[in-house]
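1. Provided below are the primary sequence and the corresponding predicted coordinates.
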Amino acid sequence: MIKTSFQGLFSLLWMLLPLAATAQSPTLSDAWVQAIQARDSERLMTLLQEGSVDVNLGNDQGKTALMIGAQSGDRPLCAALMKAGAKLNVTNANGGTPLMHAAVGGNVQIVTAMLDAGARPNVRAVNGWTALALASAKGHVAVMERLLLSGADPNTGDVFGWTPLMHAVEQERADAVVLLLSQAHIQVNQRNTDGVTALHRALAQGFWEISRQLVGAGASMDLEDESGRTPADYARETGNANILNDLSS
């Protein structure tokens, strides 16, 4: 009788073991997702070191731990996640990749590691932005150089036709503009969906040095946008007509 009871207890415990393991997993998973939600790189590293976790588990928007680490510039976390099998070309709900988050973060070592491991540089988010467009808007020149070296297209426009060059101009990232203009196949007169060029935007905002760089690279002063206005018209309308004399001299 005692033997039978012991066997029954043993069988019961054996059946409950998988249930216990299952009960623990959601706890770790929940903590992982919560750390992603909080953008807590330190907590993510701790959880990664403490136990087995699906490193590709994301939050309800599809953001993964690697995206968090990449944007925060946390090299140790990114390295640990990549070693554990974090996917490089996964996208979140907005179409953003870990590489795009790294481009925003501006850590060229993380960007390099991702590219060397197979991250695709020309993936477009839902809004059409690429890693290069993001780095250009932020002025992360070293990151831009590495992306271009890996084949990033400097002429890819977003859903509104804005190119990396236009984004760099809009944010007055002079060094980023110079780098983009040095690319052999840069299309300096490319237009967005409103017919606006990089020079339209530079002159509209009174960015003299950037305007000079653009004109020197072949940007046209005569192209009209959808409203029929040229870059020179923009300069006059915004009180920056004095720039025109400097550019023509």
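-> On my side now, so go ahead.

2. Identify the residues contacting residue 175.
-> Taking C-beta atoms under 8 Å, 6 or more residues apart in numbering as the criterion, residue 175 is in contact with 139, 141. C-beta: built from backbone N, CA, C; applies to glycine.

3. can you map out the helices along the protein?
-> With DSSP state H as the definition, the chain shows helices at residue ranges 2-37, 41-50, 65-72, 75-83, 98-105, 108-116, 131-138, 141-149, 164-170, 174-181, 198-204, 208-216, 231-237, 242-248.

4. who wins for proximity to residue 59 among the ones you listed?
-> Go through the helices of the chain one by one with C-beta to C-beta and the one that ends up closest to residue 59 is helix 2-37, at 4.8 Å.

5. For the spatially most central residue of the chain, give its distance to residue 57.
-> By C-alpha atoms, centre = their mean, the mean C-alpha position of the chain lies nearest to residue 100, the distance being 2.0 Å. Residue 100 sits at a distance of 19 Å from residue 57 (criterion: C-beta to C-beta, to the nearest Å).

6. Ok, residue 241 next?
-> Separation of residue 241 from residue 57 (C-beta to C-beta): 57 Å.

7. sorry, back to before: residue contacts, the residue nearest to the centre of the chain?
-> The neighbourhood of residue 100, defined by C-beta under 8 Å, 6+ apart, consists of 123, 125, 129-131, 134.

8. what do you get if the cut-off is 6 Å, keeping everything else the same?
-> The contact partners of residue 100, by C-beta atoms under 6 Å, 6 or more residues apart in numbering, come to 131, 134.

9. What of residue 95?
-> Residues touching residue 95, when contacts are defined by C-beta under 6 Å, 6+ apart, comprise 125-126.

10. So residue 39 sits against residue 68, correct?
-> Yes. If you go by C-beta atoms under 6 Å, residue 39 and residue 68 touch, sitting 5.3 Å apart.

11. More neighbours: those two, which one.
-> Neighbours around residue 39 and residue 68, counted as other C-beta atoms under 10 Å, are more numerous at residue 68. The numbers are 27 against 14.

12. residue contacts, the more buried one?
-> Residue 68 makes contact with 36, 39, according to C-beta under 6 Å, 6+ apart.

13. ok, now how distant is it from residue 123?
-> Using C-beta to C-beta, residue 68 is found at 18 Å from residue 123.

14. Ok, residue 88 next?
-> To residue 123, residue 88 is 10 Å away according to C-beta to C-beta.

15. And for residue 45?
-> 26 Å.

16. ok, now residue 52?
-> Here residue 52 is placed at a distance of 29 Å from residue 123 (C-beta to C-beta).

17. Who has more neighbours out of these two?
-> Neighbour totals were compared for residue 52 and residue 123, and residue 123 leads with 16 against 9 (other C-beta under 10 Å).

18. Hmm, residue 235 is touching residue 204, no?
-> No. Counting by C-beta under 6 Å, residue 235 stays clear of residue 204, with 7.1 Å between them.

19. And those two? Which one has more around it.
-> Regarding residue 235 and residue 204, a neighbour count based on other C-beta under 10 Å identifies residue 235 as having more, with 25 against 20.

20. quick one, what contacts the residue lying closest to the more buried one once chain neighbours are set aside?
-> On the basis of C-beta to C-beta, 6 or more residues apart in numbering, the spatially nearest residue to residue 235 that is not a chain neighbour turns out to be residue 203, at 4.0 Å. With contacts defined as C-beta under 6 Å, 6+ apart, the neighbours of residue 203 are 211, 231, 234-235.

21. Repeat the analysis, applying 10 Å as the threshold.
-> With contact set as C-beta atoms under 10 Å, 6 or more residues apart in numbering, residue 203 has these partners: 169, 197, 210-211, 214-215, 219, 221, 230-238, 240-241, 243-244, 247.

22. Perfect, I'm done here.
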